[in-house]
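In: sequence and computational prediction follow.
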Amino acid sequence: MNILVLIIYTVFVTFMSLRPMDGIALENWDKAGHLILYFIFALLGYRAVSNPKHYLYLCLGIVGYSGLMEIAQSFTPGRMMSAYDLLANAAGVAIAILFTKILFDSKSS
């Protein structure tokens with residue numbers, strides 16, 4: 001079930017990343033939105049895998065996926081590729097890794 005939720009969320013992120021933008025102003029919240037979107041993405045990834053080593057590989061995959069979405073945005077009307085968006089995405093994943101590590105370590109104590 002957790003894998004299904006991760007797949008559905010991946011479709012959602014793809015839709016949000018590649019839908020054409022027509023004048024929607026998100027500038028003030030854009031980077032925070034990226035961070036939160038990918039934080040949730042990585043948290044769902046944690047629930048979908050059983051091995052912590054696999055989780056780190058999945059997180060690397062999520063960051064790679066976000067890079068592909070940024071490249072694809074350069075071909076989407078009203079969108080543009082941004083290294084700052086990629087950085088915000090990676091920061092969301094990194095924070096989720098730290099968050100799950102803290103939760104995992106506290107459960108094993």
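Out: Yep, that arrived.
In: need the helix or strand of this structure with the lowest average pLDDT.
Out: helix 83-108 (a mean of 90; mean pLDDT, DSSP states H and E).
In: now that helix, how far from the centre of its chain.
Out: Computed by CA atoms, centre = their mean, to the nearest Å, the chain-centroid distance of helix 83-108 equals 10 Å.
In: shaky segments in the protein?
Out: Scanning the chain with the threshold set as pLDDT under 70 gives 23-28, 105-109.
In: tell me which residue is most central in it.
Out: residue 38 (2.3 Å; CA atoms, centre = their mean).
In: now do the helix or strand hosting residue 15 and helix 83-108, the angle between them.
Out: According to DSSP states H and E, residue 15 maps onto helix 2-18. Angle between the axes of helix 2-18 and helix 83-108 is 160 degrees (criterion: axes from the mean of the first three to the mean of the last three CA atoms, to 10 degrees).
In: now for helix 2-18, which elements pack on it?
Out: The elements that helix 2-18 packs onto, with contact taken as 3 or more CB pairs under 8 Å, 6 or more residues apart in numbering; DSSP states H and E, are helix 30-48, helix 52-73. Using the backbone N, CA and C atoms, a C-beta is placed for each residue, glycine as well.
In: and the last one, what other elements does it pack with?
Out: Put plainly, it is helix 52-73. Helix 52-73 packs on helix 2-18, helix 30-48, helix 83-108, going by 3+ CB pairs under 8 Å, 6+ apart.
In: for the helices and strands packed on helix 2-18, which one sits closest to residue 99?
Out: helix 30-48 (7.3 Å; CB to CB).
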